[in-house]
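S.K.: generate a structure from the sequence data that follows.
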Amino acid sequence: MTEQEKAAGVVPTPEAAIQKTDRVIIVGNLGRVNQTMLQAMCGAGLEPHKPLDLQDDGKVHRYRVEGDKPGSSNGWYVAHSGPVPAGVFGSWKTGEQHTWRGASSRALTVAEQADARKRMQAMQRAREAELWAVQASVRDKAALLWGRAKPATNDHPYLQKKQVPAIGIRCLRDKLLIPLRDSSGVLHSLQFIGPDGTKRFLSGGRIGGCYCAIGRPRNALLLCEGYATAATVFAATGEATAVAFNAGNLPTVARALRAKFPRLRIVVCADNDAATPGNPGLTKATEAARAVGGFVAVPRFEGVRHGV
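M.R.: Numbering: from 1, shown residues only. Sure thing, here's the model as predicted:
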């Protein structure tokens, strides 16, 4: 990596990833320096599936990410040229977003610095507008599929395997539908769970701060990552439970629940990922509990060392 690339904040990428950038065609005024943006895209796991004409017009452009299913366009980017080339890219599928900025070969004037800030702000507005449009489309699709689905029954293979009941969820063909709602009850997206336990979300739908509620709050609110865990906890305690869907969403959901139920006790039921470096399940559960003055419940397994 050159000193210029380091100054630009470019993350080093594996040699294999750098070689893959040869499949991408650079057009417009971004020039050779934009190779670092493409390296960053590959390094983040968002390599374009096929040669891509990178446009530097400040608008949101979508593309298929390598490894995604045919016909999808979950990847997106916004880029602009100028004295300091810059861009933002990410995935509607995973919800991730990354920022890239090139290096200037000379000191910028005050006017150029102001122009660069305006361009970055314009890119952010374009990205937010696109995000709103995508999420609105997913909300409509989720409502349509939810309306077509029938109430799930306890004989679904996944529920049978996990030995949990169907509570407030539906089934469409052979897949369970788990609703993702915000604290106002608005349906934003769906999680699909197949008979073999395979899980996926509607691409581009909102996940952050959304959850699936099980039961009505009485004395406490119990927050879990997955549906099977939440249904098990609800059956055992009778207390209202919420599904956050992943560890990273626990703090956001916990804050949303605290805002809605300021006086109820919140207990975060951690997935004890003791075998995973950093134990993300316990780490995020602890963070969520601290954020709302709540408590953490941790499963214990024989012979397993506990702790973050």
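S.K.: show me where this protein has helices.
M.R.: Counting by DSSP state H, one finds helices in the chain at the ranges 3-7, 15-20, 35-43, 110-148, 157-162, 227-237, 250-260, 280-292.
S.K.: which one of the ones you listed lies nearest to Asp57?
M.R.: If you check each of the helices of the chain against Asp57 by Cβ to Cβ, helix 110-148 wins as the nearest, at 9.7 Å. From N, CA and C alone the C-beta is placed, and that goes for glycine too.
S.K.: which helices and strands sit right next to that closest one?
M.R.: strand 75-80, strand 86-91, strand 170-172, strand 175-181, strand 187-193 (3 or more Cβ pairs under 8 Å, 6 or more residues apart in numbering; DSSP states H and E).
S.K.: return the most buried member of these.
M.R.: Counting by mean count of other Cβ atoms under 10 Å, strand 75-80 has the highest mean neighbour count of those, with a mean of 24.
S.K.: which residues sit against it?
M.R.: Contact with strand 75-80 is made by 30, 34, 37, 41, 46, 48, 54-65, 68, 85-92, 119, 122-123, 126-127, 130, as judged by Cβ atoms under 8 Å, 6 or more residues apart in numbering.
S.K.: go again using 7 Å as the cut-off
M.R.: 30, 37, 46, 48, 54-56, 58-65, 86-92, 119, 123, 126-127, 130 (Cβ atoms under 7 Å, 6 or more residues apart in numbering).
S.K.: buried members of those into PyMOL, please.
M.R.: Per 16 or more other Cβ atoms under 10 Å, the buried members of the contacts of strand 75-80 correspond to this PyMOL selection:
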select buried, resi 30+37+46+48+54+55+56+58+59+60+61+63+64+65+86+87+88+89+90+91+92+119+123+126+127+130
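S.K.: rewinding a little: in a markdown table: the helices and strands packed on helix 110-148, plus distance to Ser203 and mean pLDDT.
M.R.: Output for the helices and strands packed on helix 110-148, formatted as a markdown table (distance: least, Cβ to Cβ, whole Å; pLDDT from 0 to 100):
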| stretch | distance to Ser203 | mean pLDDT |
| --- | --- | --- |
| strand 75-80 | 11 | 86 |
| strand 86-91 | 9 | 86 |
| strand 170-172 | 17 | 97 |
| strand 175-181 | 13 | 98 |
| strand 187-193 | 9 | 97 |
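S.K.: hey, what's His98 bridged with?
M.R.: Beta-bridge partners for His98, by DSSP bridges, are Phe89.
S.K.: show the pLDDT at it.
M.R.: On pLDDT, His98 comes in at 87.
S.K.: then Gln135?
M.R.: Model confidence at Gln135 (pLDDT) stands at 89.
S.K.: and it, how far from Cys212?
M.R.: 18 Å (Cβ to Cβ, to the nearest Å).
S.K.: and the two? Which one has more around it.
M.R.: Taking other Cβ atoms under 10 Å, Gln135 and Cys212 do not tie; Cys212 has more neighbours (23 against 17).
S.K.: list the contacts of that one.
M.R.: Ile178, Pro179, Leu180, Arg181, Tyr227, Ala242, Val243.
S.K.: farthest pair within these?
M.R.: It's Arg181 and Tyr227 that sit farthest apart of the contacts of Cys212, by Cβ to Cβ, at 13.5 Å.
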